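A.B. asks: Can you look at this prediction? I've put the sequence above it.
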Amino acid sequence: MQRDLNALAETSFDVVVIGGGIYGAFTAWDAARRGLSVALIEQGDWGGATSSNSLKIAHGGLRYLQSADFKRMRESIRERRILMAMAPHLVHPMACMLPTLGHFSRGPEAMAAAMLLNDFVGSDRDQGLDAAHKLPPGGVISREEAMRRIPGVSTGGLTGAACWYDGLIHNPDRLVLAVVASAVDAGAVAANHLEATGVLMDGGRVAGVTATDRLGGNDITVRARVTLNCAGPWANRVLGLARPDAAPLVQWSWAMNLVTRRVGTHEAFAVWSPYRITNGKRVRRPKPQALFVVPWRDVTIIGTMHRPHPGPGGAFAPGATQVDDFIDEINHAWPGVDLTRRDVKLPLAGLLPMTGMQGNGEVGLSDRAVIVDHGAHGLPGLISTVGVKFTTSRNVAERLVNAAFAALGTKTPPPCTTTTATVHGGDLGDWPAFVAAARAEVGDAPWLEQLLRSHGSRWRDVLADLDRPFDSVADVDILEAQAAHAVRHEMAHTLADVVRRRTELGSAGAPGREPLARMAAVMACQMGWDAASAADQVNGVHALYGFPS
């Protein structure tokens, strides 16, 4: 997978997709598989904004039971299953628990009925999955077992816990990258670090974009019959390039999850949060909200905090006050954890669409993706989407590509095939058998499982340049091999691309200077950096974690 700006500038495409998060990546892949010529551009790195900042859960839509929205439940259950089948190395089952309180709407009786209904609605949740990816049925456990399995849970009003299974995404960054690579395999031309800076018009119709190469500084023109705006938090800005006076597509809120030291157990669970805390001020909620505690690799992710975002869309970085507020909220919801700022390895934050503020002072989150064909508003050839969930991004992309075909004049689009395809690296068959075969090949190396989970069936590609016996390879050698592979084959151009999104070195917290220097040295050989440039790259990565340069 190579970055080819000449191909982008010299080709007239059917569609250009703006935005390389999970929505843009799935859109490009779907469109290319259905026979369209596709350009995909991203101003930063693939999946580097909101797509990277999540609880890492592929949800089955359990919360839609509250509103009896069984259609949405079915969609979420289906898309969770598709993700597990298309990326079996990256998405695996995870046990979840929600404490029950009293004996009414949040009591064990109501939750037991909800678990039965969830299993009934999702009766086909395991269809086509191997044994390692099948999800056991849900149920309710006793108060005593809940206290044993949820460490430090508040016992006030506790009557047990509801239990069910969802999907844990081992590495959302690599999942986005795998979908982008799949789009390229299907014929798409893709480039990251390429920012859309203008919209082309031809006879009153949007005819593509102008873009600036953030690495080289040059401007190029990408021509396309249809432009698909999948820019996430930048969607309003992209629309403004075409019509400066256009009304915003959505309002934004910010969402934050905290990556902390390992707390809890190997199971995910929720704690009930009684307070909303802003700028140190606590406001008791009319009814508690659930905060989820998710075990992920060797750390824990706790979320989610939602607040309105008054400014325009774009990047969002939480400040110390916002992090402290969330720590305070977590400690009140889960008294036994006693978190401090020193325990926070990395805040994960991004912007999500909201409907406005609710009467109780909480953010009203949008629960449906927006797809707008701007042809009805005088901008034919431009279609925008703003998504709300990582899990259902493939389905939204399918509908967006259908809209693109309609804009191209095709009344009946070819069928979508991403429902049954595997992503780049996902064609590995049965997961336990795949792992066993790899171990038989290289032995029980400590680095093997991480390599298999990150690269799937492409794991040997990373080792191709390691000219030594496998039993002499250390973890740092694998990291260096991944860095070289990322530059040569995965469109990595900066140290942050490698540290944050190609490897696991910095995706769960700040790495030390020594491993960063080793990664920078590997990249310097590939990229032609001098010593000063490599040092600048190291300092730039440190700045991402709030460390002084």
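C.D. replies: That came through, no problem.
A.B. asks: Run through who's touching stretch 288-298.
C.D. replies: 55-57, 94, 96, 98, 168, 170, 259, 262-274, 300-304, 329-330, 333-334, 362, 504, 508 (C-beta atoms under 8 Å, 6 or more residues apart in numbering). Bear in mind the C-beta positions are built from the backbone N, C-alpha and C, glycine included.
A.B. asks: Let's see stretch 355-372 as CSV, backbone CA atoms only.
C.D. replies: Taking Å, rounded to 0.1, in the frame of the first residue of the first chain, the C-alpha atoms of stretch 355-372 are listed here in CSV:
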residue,chain,number,x,y,z
THR,A,355,-29.1,16.7,19.3
GLY,A,356,-28.8,19.3,22.1
MET,A,357,-29.0,19.5,25.8
GLN,A,358,-31.5,17.4,27.7
GLY,A,359,-33.7,18.9,30.5
ASN,A,360,-31.6,17.1,33.1
GLY,A,361,-28.4,18.9,31.9
GLU,A,362,-27.0,15.9,30.1
VAL,A,363,-25.9,15.9,26.5
GLY,A,364,-28.4,14.5,24.1
LEU,A,365,-26.4,12.2,21.8
SER,A,366,-27.4,11.6,18.2
ASP,A,367,-28.3,7.9,17.8
ARG,A,368,-28.6,7.8,14.0
ALA,A,369,-26.1,8.5,11.3
VAL,A,370,-26.8,11.5,9.0
ILE,A,371,-26.6,11.0,5.2
VAL,A,372,-27.4,14.2,3.2
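A.B. asks: in it, what's buried?
C.D. replies: For stretch 355-372, the neighbour count (16 or more other C-beta atoms under 10 Å) marks 362, 363, 364, 366, 369, 371, 372 as buried.
A.B. asks: Just want to check the distance between the third one and residue 511.
C.D. replies: Right, residue 364. 38 Å (C-beta to C-beta, to the nearest Å).
A.B. asks: Which parts of the stretch 351-500 of the chain are helices?
C.D. replies: With DSSP state H, counting those that start in this stretch as the criterion, the stretch 351-500 of the chain has helices at 393-407, 431-442, 448-455, 459-463, 475-489, 495-496.
A.B. asks: Quick check: what element follows the helix or strand containing residue 304 along the chain?
C.D. replies: Secondary-structure element containing residue 304, defined by DSSP states H and E: strand 299-308. Downstream of strand 299-308, the first helix or strand assigned by DSSP H and E is helix 320-333.
A.B. asks: Report the angle between that next one and strand 299-308.
C.D. replies: 110 degrees (axes from the mean of the first three to the mean of the last three C-alpha atoms, to 10 degrees).
A.B. asks: excluding its backbone neighbours, what's nearest residue 521?
C.D. replies: Nearest residue to residue 521, sequence neighbours excluded (C-beta to C-beta, 6 or more residues apart in numbering): residue 534, at 6.7 Å.
A.B. asks: Let me fix that, I meant to ask about residue 206.
C.D. replies: Per C-beta to C-beta, 6+ apart, closest to residue 206 is residue 381, 3.6 Å.
A.B. asks: which residues does the one you found contact?
C.D. replies: Contacts here follow C-beta under 8 Å, 6+ apart; on that basis residue 381 touches 205, 206, 207, 225, 226, 227, 375, 407.
A.B. asks: State the distance from it to residue 405.
C.D. replies: 13 Å.
A.B. asks: and if you look at residue 54?
C.D. replies: Taking C-beta to C-beta, one finds residue 54 at 30 Å from residue 405.
A.B. asks: low pLDDT regions in the stretch 301-450 of the chain?
C.D. replies: Within the stretch 301-450 of the chain, not a single segment meets pLDDT under 70.
A.B. asks: Now with 90, please.
C.D. replies: 310-317, 335-336, 356-362, 367, 411, 443-444 (pLDDT under 90).
A.B. asks: about what we covered before: tell me which of the contacts of stretch 288-298 fall in helices.
C.D. replies: Counting by DSSP state H, the contacts of stretch 288-298 place 329, 330, 333 in helices.
A.B. asks: The first one - how many residues pack around it?
C.D. replies: This means residue 329. For residue 329, the count of nearby residues is 21 (other C-beta atoms under 10 Å).
A.B. asks: Quick check: pLDDT value at the closest residue to it other than its chain neighbours.
C.D. replies: Here the nearest residue to residue 329 in space, its sequence neighbours aside, is residue 277; by C-beta to C-beta, 6+ apart that works out to 4.8 Å. With respect to pLDDT, residue 277 scores 93.
A.B. asks: bridging residues for residue 277?
C.D. replies: residue 282 (DSSP bridges).
A.B. asks: All set, thanks.
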